[in-house]
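# need a structure here:
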Amino acid sequence: MWARVARFDGDPADIDDRIGRLRDTIESGALPPEVAQAKLLMLVDHESGGVLGVTLFESEEALRKGDAAMNAGAGHVGSRASVDFYEVPIHTL
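Next comes the predicted model:
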């Protein structure tokens, strides 16, 4: 398994709106097909407005395709500050 971890900055005053936009995108089925099968985890710091988006993929190839699709799409949770990639050797999800 592989993880894409993206950090986003934003205004704490609109964090709930940013979360809502992403939730609406997910629930409407509007995620790119390269991301539709991935597992998503969102970590939010309401005080700073910061968000960590962790997307888990079954393979490194799926991660690369998903990353390309997410880079081409609109941001929903703030201004992206960084993106890192990790192998996930242990998971219990």
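# distance of the residue of the chain positioned farthest from its centre from Ala81?
Distance to the chain centre peaks in the chain at Ala13, reaching 20.2 Å (criterion: C-alpha atoms, centre = their mean). As judged by C-beta to C-beta, to the nearest Å, Ala13 and Ala81 stand 18 Å apart. Quick note: C-beta positions are derived from backbone N, CA and C, even for glycine.
# next one: Leu93
Distance, Leu93 to Ala81, using C-beta to C-beta: 25 Å.
# more crowded one of the two?
A direct count of neighbours by other C-beta atoms under 10 Å for Leu93 and Ala81 places Ala81 higher, at 12 against 7.
# neighbouring strands - and their directions - for the host helix or strand of the more buried one?
Per DSSP states H and E: Ala81 is located in strand 79-87. Its sheet considered, strand 79-87 pairs with strand 2-9 (antiparallel) by DSSP bridges.
# buried set for the partner strand?
Across strand 2-9, burial judged by 16 or more other C-beta atoms under 10 Å covers Trp2, Ala3, Arg4, Val5, Ala6, Arg7, Phe8.
# nearest to Arg21, of those?
Phe8 (12.0 Å; C-beta to C-beta).
# so what sits opposite the closest one in the bridge?
Val51, Arg80.
# please report how far Ala38 lies from Phe57.
5 Å.
# overlap in contacts of the two?
Gly66 (C-beta atoms under 8 Å, 6 or more residues apart in numbering).
# distance of His91 relative to Leu40?
Taking C-beta to C-beta, one finds His91 at 14 Å from Leu40.
# neighbour count: these two, which is higher?
Comparing His91 with Leu40 by other C-beta under 10 Å, the one with more neighbours is Leu40, at 12 against 9.
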